[in-house]
Structures are given as C-alpha cells and as structure tokens.
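turn this into a structure:
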Amino acid sequence: MKEAKKLVSLVSLQLVKEKGFLFEPRTCLSSISAYQLFAPFIRDKATEHLMVACLNAKGEVVNISIVHIGAVNQSLAVPREIIKVALLSNAISIVVSHNHPSGSTPSQQDIDFTQKLAKACEMLQITLHDHLIISANGDYLSMKAEGLIQEEISPSPHTNEVMGIFNVKNKGENRKYAS
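Purely as a prediction, here's the structure:
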C-alpha cells in the first residue's frame, strides 16, 4: 500500500517589535550598563524573569526580550530560548539577566544554566558577555565579575567542523557553505 503524502508547512520567522525606548549608554559591555538596561524591567517583579539583550558588532543593544517567566524562587529556562532570540536578531553577542526577588546570590542552578548557555553560545559563535542577577533591593551580581563566565567566550577552532561549515575556493573567491 502506498503511504499518504505528508503536508509540509511553509513558514517564515520574524521578531515583532512591541515598543522601543532610548538607552543612553548605547552599548552594553559592562555590568553597570547591563544593570541600567535590565533593572527597570525586572528588579521589582515578584517572580523570576529572564531577559536577553542582543548586541551588534559594536556592542550596541539591538533589542531586549523576556525569554522566560518562572516562579517565586526558580526559573526553569533553557538556553534554546535565548539562542533563538539571538539568532533571529542576528546578534554577535548577548547579555542575559534575571531577577531574584529575595537577593542576588546565584544558586547552583544559576551557575549550571550559565555554563550550559556559554557552551551553546560558543558552538554558534555568539559571545556571552555576562549574566546578571538583580535583586529587588537594587543589588546585582555579575557572573563575569565573579569568574563564573570566561572573559569572553570565543568560538572554538572546531566550531566550523561541528556546524558542518566548509570553505570553497573558486576563481579567487573564498566562500563558506553549510553542508
């Protein structure tokens, strides 16, 4: 018996701009500028909110997004949600932040999540600049400053092999293609 044909959907993905605001520092490459960017959105939230800022090659903020809303004392986010926003934004690098309603001390889950995110970013050649934890009282902790994130996660020399990217030289041109 002949198998029925499978209906395949043709789709397109895009980010939808909800609103905009002026950000005076323009760049978000320090923990202070990251705090200035994220704090107004998550500092006073009663539940954990995880946000990502997508940056261009100059370190300027292209957009920010709330990628996960958790419970009072935990957020079960996955790096995939952050990476998805970064890729759709054509981000060169990112900064992430989440709030702790009860203080800025990182949990072991926060540390594990940051390490998983750093590995995912490395594979996709996206620099993870920092992960901030912001408390309701205005304190914040920079995972980078605490040594929990390397100075800058740079792409692995094996990333092209893992991603299936190879170089093709043709008449003096050097082009990259994905397999």
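
CA atoms for contacts and neighbours, from now on please.
Noted.

quick one, what contacts residue 91?
54-57, 62, 126 (CA atoms under 8 Å, 6 or more residues apart in numbering).

among the residues you listed, who's most crowded?
Compared across the contacts of residue 91, residue 54 has the highest neighbour count, 29 neighbours, by other CA atoms under 10 Å.

the helix or strand hosting that residue pairs with which strands, and in what direction?
Using DSSP states H and E, residue 54 sits in strand 49-55. Here strand 49-55 has these sheet partners by DSSP bridges: strand 61-69 (antiparallel), strand 93-100 (antiparallel).

before we move on, the earlier item: and the contacts of residue 91, which is closest to residue 1?
Using CA to CA, residue 126 comes nearest to residue 1 of those, at 48.3 Å.

burial measure for the residue nearest to the closest one when sequence neighbours are not counted, as a count.
Spatial nearest neighbour of residue 126, chain neighbours left out: residue 93 (5.0 Å); criterion: CA to CA, 6 or more residues apart in numbering. By the criterion of other CA under 10 Å, residue 93 has 26 neighbours.

thought residue 93 was touching residue 54?
Yes: here residue 93 lies in contact with residue 54, judged by CA atoms under 8 Å, at a distance of 6.2 Å.

which neighbours do these two share?
The contact sets of residue 93 and residue 54 overlap at residue 86 (CA under 8 Å, 6+ apart).

winner for burial among the strands paired with strand 49-55?
Highest mean neighbour count of the strands paired with strand 49-55: strand 93-100, a mean of 27 (counted as mean count of other CA atoms under 10 Å).
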